[in-house]
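*Asks:* kindly generate the corresponding structure for this input.
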Amino acid sequence: MHDYQRPPTLHRYGMRDELEQALTAGLFRLVPAGGFLTVSFSRAWDKKLFTVLGPADCCLVIHNTELFGERLHRAVQRALPNWAGIDGAVEYGSRSPLGAAFTQTGAQAQEQEWRFAWRSMSPNASLNPVTVKIGSIEQFAELRAPESYLV
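*Replies:* Coordinates of the predicted model:
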């Protein structure tokens, strides 16, 4: 039994300048992975992830993951109309029912990844990185520095 409900918060670890653009303009870069274009987040707020997912000096914390997910899927649909999107938790150490794009090794389990992925509906589509813009998410997201992590 798998639960595909989005977690209450999503975390994106990265460099502050990139994450400020994500917060204020809603810019997100989709990158090729396993035949999909993907953008990944963590379900965890964990100081170790600044190093594991780094280099990172900041974390974008998204509080309204439903609204965020809908806006992201709509923006990608506008940019890539012949692509189908899905999002869900990455499975570690065993194959995900969502496929290879949602499967990682057990060694990566600390990342607690939530992935958004899109696949082209037409054969031989190019898998080049794409940046989408969903507009400001400042109403339901914030930037946090590593030192704001409380043990």
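
*Asks:* OK, contacts around the residue nearest the centre of the chain?
*Replies:* Nearest to the mean C-alpha position of the chain, by C-alpha atoms, centre = their mean, lies S40 at 2.6 Å. Applying C-beta atoms under 8 Å, 6 or more residues apart in numbering to S40 gives the contacts 12, 90, 113-116. (C-beta placed from N, C-alpha, C; glycine too.)

*Asks:* which pair in the residues you listed spans the largest distance?
*Replies:* Of all pairs drawn from the contacts of S40, the greatest distance, 14.3 Å, lies between R12 and V90 (C-beta to C-beta).

*Asks:* where is the longest helix in the chain?
*Replies:* Among the segments of the chain that qualify as a helix by DSSP state H, the longest is helix 65-79.

*Asks:* list the buried ones in that helix?
*Replies:* Neighbour-count burial for helix 65-79 flags 65, 67-69, 71-73, 75-76 (criterion: 16 or more other C-beta atoms under 10 Å).

*Asks:* what does that helix contact?
*Replies:* Counting by C-beta under 8 Å, 6+ apart, 6-10, 26, 28, 30, 37, 39, 62, 83, 85, 87, 116, 118, 130, 132-135, 137, 140-141 sit against helix 65-79.
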